[in-house]
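Engineer: need a 3D model of the following:
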Amino acid sequence: MIAAMTRRRPWHVGHSRASISRPRRISSAQDAFGRWRFSGGLEIENGDLAAIPPAAAGAGPDAGRVGNRLRRPVTSRRLWPGEATCYAHRIMTERQIGRVAVLGAGTMGHGIAQGAATAGMTVIIRDVNEEVLGAAKGKIEKSLAKLASKGKIEESVRDSALAAISTSTDLEEAVKDADLVVEAIPEVMTLKIETFTALDRLAPAHALLATNTSSLSVTEIAGVVKDPGRVVGMHFFNPVPIMKLLEVVRGLRTSDESVAAARAFGERLGKTPIVVRDWPGFASSRLGVALGAEAIRMLQEGVASPEDIDTAMELGYRHPMGPLRLTDLVGLDVRLSILDHLHRELGEQFRPPTLLRQMVRAGKLGRKSGEGFYKYD
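Structural biologist: Numbers count the residues shown, from 1 in each chain. Okay, here's the model as predicted:
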C-alpha cells in the first residue's frame, strides 16, 4: 500500500531517477492513509491513483512505466515489498467472497449454506440428488423461520437469505463463479480426492477451496490441487447456525492468506475461529471422540445407564450435552468413521468400542435414524 511506501520511501514516491517531484495525487492518497482505516484508505488510493495520467510520474525513461503502474488499482497490480503483508488478509476476504458454493446438501452442507446466505452472500448448494437438494431447501426455510419467530434474525434477513440460495446437480455450474467453495460431502477420502481433483479444473483460479472434514488430512486433499496453498480446512459444528466454533485447519502447504480468508469468513458468519495444524483429529474431534468412546465403553461395561453417564458430564463438568447424546446428534456412523481413522493414524487409544460398531451395523445411527443411545420420535 501507499502507507507502506512512506516508511521505505522508494525512489518513485518522493522522486524519480530523474529527480522529478512526486505528483500531488500520489501525495494525497499517501497522506490519506494516516487518517483513514484500511478500507477507507484503499478506496481513496484507488480513486486518486486512477486519475493520474501516465506522464504525471515524471519525464525520465521510466516515467510511463511508473505512472501506468501507479494508476492500476491495487487489486490488479503486483504489490511492492511491504504491501503484501497488510493487503493479503483483505484481498481474499470481504472484497472477494461474495459467492459461495457448498458441495453436499446434508446436515452440514445446508447449515453452512444458511449461515453464508444469512451473512449476505450469494450461495449455491450442489448435490448429486435433486430430492436431497429439495429437502435441504426445506430445512433451511424452516430453520430461518424459527430464528425469525424467536427474534434472532429480522424477517427481511430471512427473506433475503432464502432468495440468495439456489441449488444445482451440476458441479461445473455450481463452482464456475465461486469465490469460496466449501466441500461438505461424506468423510471418505477417495470421494474428497475425486472432488478436489475436479475443483482444480473447474473452480476459478482465485477461489478459496475449503474442506469441512472433521478428521481427514487437509494436506493429502490439497495434494491433488495445482496450487495447494489455496486449500484449507474449515471444520464447522452441528448445528451450524447455532454452534459458534469454526476450526480452521492449516495444511502443510496452506498459505497465510488462505488461513486469514477462512478466519474472516467464519467471523462474518458469527463464528469464533481457532487455527490448528493438520494432524489426525485436529483439536476438537480428537478430544471429542476420546470422551465419547470412553462413555460408550462405560455403557458397554455396565458402569451406568446412558442417562446417568450423560448427567455426570452435564452437571459435574457443566457440559451442555452429555457424550452419548452428542454422539446421537453427530451420528454413530460418523463417530465410528473418525475413530477408525484415528486408530489407524494414532494407535490403540482410539480403537472403536465393540458396542459402537454393533450399533452401526444394526442401523442405530442416532437422531437421523430415530434410534441410537436414545430413541427419538
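Engineer: how about the strands in the stretch 51-200 of the chain?
Structural biologist: Ranges of strands within the stretch 51-200 of the chain are 99-103, 122-126, 165-168, 180-183, based on DSSP state E, counting those that start in this stretch.
Engineer: and the ones you listed as JSON lines, adding mean pLDDT, mean neighbour count and distance to E267?
Structural biologist: Where you see a C-beta, it was placed from the backbone N, CA and C, and this is true even at glycine. Shown next, in JSON lines, are these (pLDDT from 0 to 100; neighbours: other Cβ atoms under 10 Å; distance: least, Cβ to Cβ, whole Å):
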{"stretch": "strand 99-103", "mean pLDDT": "98", "mean neighbour count": "27", "distance to E267": "15"}
{"stretch": "strand 122-126", "mean pLDDT": "98", "mean neighbour count": "24", "distance to E267": "17"}
{"stretch": "strand 165-168", "mean pLDDT": "98", "mean neighbour count": "19", "distance to E267": "21"}
{"stretch": "strand 180-183", "mean pLDDT": "98", "mean neighbour count": "26", "distance to E267": "14"}
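Engineer: as TSV, these with distance to K226 would be great.
Structural biologist: As requested, these are exported to TSV (distance: least, Cβ to Cβ, whole Å):
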stretch	distance to K226
strand 99-103	19
strand 122-126	22
strand 165-168	24
strand 180-183	15
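Engineer: quick one: which of those is nearest L144?
Structural biologist: Minimum separation from L144 across these (Cβ to Cβ) falls at strand 165-168, 9.8 Å.
Engineer: can you give the strand pairings for that closest one, parallel or anti for each?
Structural biologist: Strand 165-168 pairs in its sheet with strand 122-126 (parallel), by DSSP bridges.
Engineer: alpha carbons of the strand it pairs with, as CSV, please.
Structural biologist: Only the C-alpha atoms of strand 122-126 are listed here, as CSV (Å, rounded to 0.1, in the frame of the first residue of the first chain):
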residue,chain,number,x,y,z
THR,A,122,-24.9,-15.5,-2.7
VAL,A,123,-25.0,-19.3,-2.2
ILE,A,124,-25.4,-22.3,-4.5
ILE,A,125,-25.7,-25.8,-3.0
ARG,A,126,-24.6,-28.7,-5.1
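Engineer: next, the angle strand 99-103 makes with it.
Structural biologist: Angle between the axes of strand 122-126 and strand 99-103 is 20 degrees (criterion: axes from the mean of the first three to the mean of the last three Cα atoms, to 10 degrees).
Engineer: which residues touch S305?
Structural biologist: By Cβ atoms under 8 Å, 6 or more residues apart in numbering, the contact list for S305 reads L299.
Engineer: kindly list the main-chain dihedrals of it?
Structural biologist: Main-chain dihedrals, S305, degrees, to the nearest 10: phi -80, psi 160.
Engineer: check P273 too.
Structural biologist: Backbone torsions for P273, taken as degrees, to the nearest 10, come to phi -80, psi 140.
Engineer: looking at the chain, which helix is longest?
Structural biologist: helix 130-149 (DSSP state H).
Engineer: I figured L365 hits L332, correct?
Structural biologist: Yes: using Cβ atoms under 8 Å, L365 makes contact with L332 at a distance of 5.0 Å.
Engineer: where does the stretch 1-150 of the chain have low pLDDT?
Structural biologist: Confidence mapping of the stretch 1-150 of the chain against pLDDT under 70 gives the ranges 1-95.
Engineer: if we use 90, what do you get?
Structural biologist: Counting by pLDDT under 90, the stretch 1-150 of the chain contains low-confidence ranges at 1-96.
Engineer: with adjacent residues omitted, what lies nearest to E130?
Structural biologist: Leaving aside its chain neighbours, E130 sits nearest to T169 (6.2 Å; criterion: Cβ to Cβ, 6 or more residues apart in numbering).
Engineer: run through the residues that contact that neighbour.
Structural biologist: Residues counted as contacts of T169 (Cβ under 8 Å, 6+ apart) are 126-130, 133.
Engineer: just the buried members of the residues you listed?
Structural biologist: Buried members of these, counted by 16 or more other Cβ atoms under 10 Å: 126-127, 133.
Engineer: of the residues you listed, just say which sits nearest to R268.
Structural biologist: Set against R268, the nearest of the buried ones among the contacts of T169 by Cβ to Cβ is R126 (21.3 Å).
Engineer: pretty sure that closest one contacts D170?
Structural biologist: Yes: with contact defined as Cβ under 8 Å, R126 counts as touching D170 (7.3 Å).
Engineer: distance to R361 for the buried ones among the contacts of T169 - can I get that in a markdown table?
Structural biologist: Output for the buried ones among the contacts of T169, formatted as a markdown table (distance: Cβ to Cβ, whole Å):
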| residue | distance to R361 |
| --- | --- |
| R126 | 31 |
| D127 | 27 |
| L133 | 30 |
